[in-house]
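In: let's see this in three dimensions:
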Amino acid sequence: MATVVHPAAPLRHPRRRLLGRVLLLALLVLAALLAWFWQPLNGYAGIGAAYGARVACSCRFEGGRSLSDCRKDFEPGMAMIMLSEDSAARSVTARFPLLATETATYREGEGCRLSPWRK
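Out: Next up, the predicted model:
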């Protein structure tokens, strides 16, 4: 009778195991930091979007400049704010990706006003 030899289970390389553990640890640290700083980060995103909408609305509808030219009026660090315009409503919407969206609307005699915040 012939003896059946089973191939040995593939050996896991110690470097791969170490790399997997390091990546898992890095993800856990990143998730903990995001949870810890979520409230301030969300607040700064909302303030940045509100400031961007108000400044861009004033620049566009009171100053008569193009929306792309209005980005020059932004403070340093506002590169992530995205702007869009609704010409019919005479409003500008500023978005901080995944966190905040604010809209400012121009009214003759009043200037640009932010939309009321939802509670």
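In: the helices in this structure, which residues?
Out: 14-57, 67-70 (DSSP state H).
In: tell me the mean pLDDT over the last one?
Out: Think helix 67-70. For helix 67-70, mean pLDDT is 90.
In: next one: stretch 81-95
Out: 95.
In: what sits closest to residue 90 if chain neighbours are left out?
Out: Distance criterion C-beta to C-beta, 6 or more residues apart in numbering; nearest residue to residue 90, sequence neighbours excluded, is residue 106 at 4.3 Å. Any C-beta I mention is one placed from the backbone N, CA and C, and that applies to glycine too.
In: contact partners of stretch 36-53?
Out: 34, 74-75, 78, 80-81, 83, 92-96, 99-104, 114 (C-beta atoms under 8 Å, 6 or more residues apart in numbering).
In: pull out the buried members of the residues you listed.
Out: Taking 16 or more other C-beta atoms under 10 Å as the criterion, what is buried in the contacts of stretch 36-53 is 74, 78, 81, 83, 92-96, 99-104, 114.
In: the residue nearest to residue 90 touches residue 63, doesn't it?
Out: No. Using C-beta atoms under 8 Å as the test, residue 106 is too far from residue 63 to be in contact (10.8 Å).
In: who has more neighbours, those two?
Out: Using other C-beta atoms under 10 Å as the criterion, residue 106 and residue 63 rank with residue 106 on top: 17 against 13.
In: how close does that one sit to residue 93?
Out: 13 Å (C-beta to C-beta, to the nearest Å).
In: and residue 68, by the same measure?
Out: Residue 68 is 15 Å from residue 93, by C-beta to C-beta.
In: which residues of this structure score low on pLDDT?
Out: Residue ranges of the chain with pLDDT under 70: 1-13, 119.
In: tell me which residue lies nearest the centroid of it.
Out: residue 97 (2.9 Å; C-alpha atoms, centre = their mean).
In: run a quick neighbour tally on residue 113.
Out: 14.
In: and if you look at the one 5 residues further on?
Out: A total of 4 residues lie near residue 118 under the criterion other C-beta under 10 Å.
In: then residue 107?
Out: Neighbours of residue 107 using other C-beta under 10 Å come to 11.
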